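# after the sequence you'll find the predicted model.
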Amino acid sequence: MKLTSALSFLMLASATAFAPSTSNTQSSTSLSMSKVVRNPNFGKLVGGYLFPEIGRRRNAYIEANPEMASRIISLGIGDTTQPIPEHILSGLVTSASKLGTKEGYSGYGAEQGMGPLRAKIADKLYNGIIKDSEVFVSDGAKCDIMRIQQVFGSGVITAVQDPSYPVYVDTSVMMGQTGEINKETNQYDNIVYMPCTAENEFFPDIESTSRADIVYFCSPNNPTGAAATKEQLEHLVKVCKERGSILIFDAAYAPFIRTEGVPKSIFEIEGAREVAIEVNSFSKYAGFTGVRLGWTVVPDELTFSDGSKVRDDFNRVMTTAFNGASNIVQGGGLACLDEEGLAEINTLIDYYLENAKLLKEAMESIGYKVFGGTDAPYVFVQLPEGKKSWDMFSEILEKTQVVTIPGAGFGPGGEGYLRLSAFAPRDVVIEACERLKEALA
């Protein structure tokens with residue numbers, strides 16, 4: 001009895017040791033404001049970030065129609081749904097287990113990533129055309145985009161594809177690179193928008209746009225699904241080099257490329273090492289959207305106007321504001337790049353590409369013009385003339401309980417389109433296709 005009481009006391013003492021004291025909290029419910037001025041750049045942001053907004057509207061629909069909750073199908077956010085494959089999972093499990101042993105325990109690692117993983121990325125994914133010292137392992141491409149923004153600061157002009165992944169624009173606004181949004185064009189002042197339309201095959205006429213210091217380009221593209229050809233990327237690199245611009249190449253969907261001759265990396269292009277940074281991620285490769293592991297390649301040849309290396313400043317950001325990706329997760333990354341892991345990745349990619357094919361065929365059978373879905377997991381659907389994408393989003397949700405993404409959420413150039421994501425289980429994709437064909441035909 002005494003032992004039980006003593007243990008209970010120790011457990012209570014242990015629990016309260018981590019709890020904050022409430023003795024000095026104010027009993028008053030009145031609110032007080034700090035004297036800190038809000039960062040004005042955040043005031044420029046319009047609405048919420050796209051994908052939480054999609055979730056908010058979906059939840060509002062469910063709240064108004066609770067009987068439909070079980071029928072909701074998401075073809076919206078590009079979140080993977082298939083389990084992590086066996087060999088890749090074993091890398092995560094083994095790495096986690098090592099932490100429970102004296103011999104295998106590891107603490108802080110190199111902020112740039114484990115040496116073996118950096119070397120394996122350079123070898124297996126780039127065939128040695130980059131150096132392992134140029135690879136910076138991280139917690140994902142999205143986070144690295146903001147770190148890149150920190151390197152360049154507020155004094156640069158940025159160019160983005162229109163439509164494009166919202167992170168490029170929103171982080172530019174947060175960094176103070178832009179003016180206010182123009183309510184007539186729905187575009188921010190001091191950002192160069194490069195129109196990507198069906199007419200130009202979703203590749204910008206970059207020579208007709210104003211010069212920018214930093215050019216963001218994604219291939220295969222989110223949201224359009226367009227994969228740039230070697231000739232197109234050669235032209236992009238050439239123009240950036242002539243203008244003294246730095247190209248940020250987002251290759252997060254590279255493994256979906258199946259067409260022969262289409263580059264998976266910007267560094268396949270001659271001269272790219274002097275003008276480009278590449279960001280990438282294991283999220284779509286191996287189902288790591290929740291695991292979090294990515295990398296950025298900053299070549300030694302890339303310099304600022306004063307000759308200093310961009311790599312050195314990016315390294316400073318990584319070592320100052322990041323403690324490195326999880327040791328456990330990096331063990332999973334190493335397993336991804338084993339022969340068994342690469343084979344498992346190919347199987348996953350084939351699965352999602354088949355989903356994309358089904359979605360594309362379904363929308364085409366209804367009579368829509370459809371882009372993407374071949375070398376990319378996204379299907380970009382052109383709506384009838386005059387049809388607004390948010391209106392179509394609502395109509396499809398109400399009629400079919402299928403969640404899509406309105407093209408306007410990716411910028412004004414996306415108006416008149418819907419994006420469908422292939423990252424869903426096969427049976428769910430088949431069911432969505434049937435509902436869409438029934439409701440929209």
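Alright, I've got the coordinates.

# contacts only, for the spatially most central residue of the chain.
Centroid-nearest residue in the chain: residue 142, 4.9 Å away (criterion: C-alpha atoms, centre = their mean). Counting by C-beta atoms under 8 Å, 6 or more residues apart in numbering, residue 142 makes contact with 167, 281, 294. For the C-beta atoms, the positions are set from N, CA and C on the backbone; glycine is no exception.

# got it, and residue 229?
By C-beta under 8 Å, 6+ apart, the neighbours of residue 229 are 261, 262.

# buried residues in the helix or strand hosting residue 433?
Assigned by DSSP states H and E, residue 433 belongs to helix 426-440. The neighbour-count check on helix 426-440 (16 or more other C-beta atoms under 10 Å) flags 429, 431, 432, 433, 435, 436, 440 as buried.

# pLDDT and distance to residue 231 for the residues you listed - can I get that in JSON lines?
Converted to JSON lines, the buried residues of helix 426-440 look like this (pLDDT from 0 to 100; distance: C-beta to C-beta, whole Å):
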{"residue": "429", "pLDDT": "98", "distance to residue 231": "33"}
{"residue": "431", "pLDDT": "98", "distance to residue 231": "40"}
{"residue": "432", "pLDDT": "97", "distance to residue 231": "36"}
{"residue": "433", "pLDDT": "98", "distance to residue 231": "34"}
{"residue": "435", "pLDDT": "97", "distance to residue 231": "40"}
{"residue": "436", "pLDDT": "97", "distance to residue 231": "35"}
{"residue": "440", "pLDDT": "92", "distance to residue 231": "36"}
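
# ok, of the contacts of residue 142, which one's closest to residue 132?
residue 294 (15.8 Å; C-beta to C-beta).

# now the strands for the stretch 1-150 of the chain?
Ranges of strands in the stretch 1-150 of the chain, per DSSP state E, counting those that start in this stretch, are 73-74, 135-138.

# deepest-packed of those, please.
Across the strands of the stretch 1-150 of the chain, averaging neighbours per residue (mean count of other C-beta atoms under 10 Å) puts strand 135-138 on top, at a mean of 26.

# mean confidence for it?
Strand 135-138 shows an average pLDDT of 98 in the prediction.

# and the residue nearest to residue 439 when sequence neighbours are not counted, what helix or strand is that in?
Distance criterion C-beta to C-beta, 6 or more residues apart in numbering; nearest residue to residue 439, sequence neighbours excluded, is residue 399 at 4.3 Å. Under DSSP H and E, the secondary-structure element containing residue 399 is helix 389-400.

# which other helices and strands does that helix contact?
Applying 3 or more C-beta pairs under 8 Å, 6 or more residues apart in numbering; DSSP states H and E, we find helix 389-400 packed against helix 50-64, strand 405-406, strand 417-421, helix 426-440.

# that helix versus strand 417-421: what angle between them?
Using axes from the mean of the first three to the mean of the last three C-alpha atoms, to 10 degrees, one finds that helix 389-400 and strand 417-421 are set 50 degrees apart in direction.

# check what pLDDT residue 14 gets.
The model's pLDDT for residue 14 equals 56.

# what about residue 363, neighbour count?
Neighbour count of residue 363, defined by other C-beta atoms under 10 Å: 23.

# contacting residues around it?
370, 379, 381, 420, 436.

# neighbours around the fourth one, how many?
Using other C-beta under 10 Å, residue 420 has 32 neighbouring residues.

# so it sits against residue 371, correct?
No: here residue 420 does not reach residue 371: they are 11.0 Å apart, not a contact under C-beta atoms under 8 Å.

# select, from the buried residues of helix 426-440, the two members most distant in space.
Using C-beta to C-beta, the buried residues of helix 426-440 reach their maximum pairwise distance at 429 and 440, which is 15.9 Å.
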